[in-house]
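*Asks:* What shape does this take:
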Amino acid sequence: MSTDATTLYKLMVLYMLDKVNFPLSNSQIADFMLDRQYTNYFTLQEVLSSLASDGFVQILTYRSSTQYKLTKEGIDTISFFYNKISQAIRDDIDKYLKDNKYDLKCEVGTTSDYYKSTNGDFIVHCQVKEGNTNLIELNVAVPLESQADAMCARWRDASQDIYDFVMNKLM
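*Replies:* Have a look, this model is predicted:
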């Protein structure tokens with residue numbers, strides 16, 4: 001793979017992350033890059049790994065999802081080199097982000113994970129974020145790992161109803 005191509009892929013990822021005010025998941029970046037056949041999966045994973053190890057992106061891990069967020073170095077880099085990405089590619093990225101912004105934001109803003117507490121229970125940590133603001137954050141202790149896993153799996157679909165319920169009860 002040529003160095004020029006690798007550099008372009010890195011700049012494309014940085015540009016995507018710079019255009020949104022929330023992290024993007026590995027699968028969201030891959031959907032764009034692979035669907036449009038800019039690169040293949042393995043090259044993209046190398047690019048993402050390199051961006052992280054070079055300090056241009058921060059990796060956030062939730063359960064089985066990896067998300068990427070720009071660092072200050074990444075912001076500085078893309079602001080200086082964005083013109084190395086052709087206007088056609090920038091337009092393609094902009095259109096993808098505009099067409100999918102709500103779905104992208106919902107997917108990465110709704111997270112859940114669990115961990116084992118010191119007393120042996122499992123703590124399920126559920127969260128809905130908008131930008132850097134937590135709209136709702138919920139921690140629930142359950143005795144079984146299977147319960148924790150089930151709650152995490154259902155959080156994305158149930159989070160809106162739970163948020164509405166809490167708001168109605170408290171108002």
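
*Asks:* The lowest-mean-pLDDT helix or strand in the chain: how far from the chain's middle?
*Replies:* The weakest-scoring helix or strand in the chain, judged by mean pLDDT, DSSP states H and E, is helix 87-109 (a mean of 84). Chain-centre distance of helix 87-109: 12 Å, with Cα atoms, centre = their mean, to the nearest Å.

*Asks:* Buried residues of the very next helix or strand once past that helix, list them for me.
*Replies:* Next helix or strand after helix 87-109 toward the C-terminus (DSSP states H and E): strand 110-116. By neighbour count with 16 or more other Cβ atoms under 10 Å, strand 110-116 contains the buried residues 110-114. All C-beta atoms are positioned from the backbone trio N, CA, C, and that covers glycine.

*Asks:* ok, now stretch 86-102?
*Replies:* By neighbour count on 16+ other Cβ under 10 Å, the buried set for stretch 86-102 is 90, 92-93, 96-97.

*Asks:* Residue ranges in the chain under the pLDDT threshold?
*Replies:* Along the chain, segments meeting pLDDT under 70 span 1-3, 63-64, 106-108, 131.

*Asks:* where do the strands sit along it?
*Replies:* Using DSSP state E, the strands assigned to the chain run over residues 24-25, 57-62, 65-70, 110-116, 122-130, 133-142.

*Asks:* Buried residues, the longest helix seen in the chain. List them.
*Replies:* Longest among the helix segments of the chain by residue count, using DSSP state H, is helix 145-170. Of the residues in helix 145-170, 147-149, 151-152, 155-156, 159 count as buried by neighbour count, 16+ other Cβ under 10 Å.

*Asks:* between these, which is nearest F32?
*Replies:* Nearest to F32, judged by Cβ to Cβ, of the buried residues of helix 145-170 is R156 at 20.8 Å.

*Asks:* Tell me who's in contact with the closest residue to V166 other than its chain neighbours.
*Replies:* Leaving out its chain neighbours, the residue that sits closest to V166 by Cβ to Cβ, 6 or more residues apart in numbering is I136, at 6.6 Å. Going by Cβ atoms under 8 Å, 6 or more residues apart in numbering, I136 touches 126-128, 159, 162-163, 166.

*Asks:* Any chance of the residues you listed in TSV with distance to S27 as columns?
*Replies:* Below are these laid out as TSV (distance: Cβ to Cβ, whole Å):
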residue	distance to S27
C126	20
Q127	19
V128	19
S159	19
I162	24
Y163	24
V166	29
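
*Asks:* What is the most widely separated pair among the residues you listed?
*Replies:* Across the contacts of I136, the two lying at the largest distance from each other (Cβ to Cβ) are Q127 and V166, at 13.4 Å.
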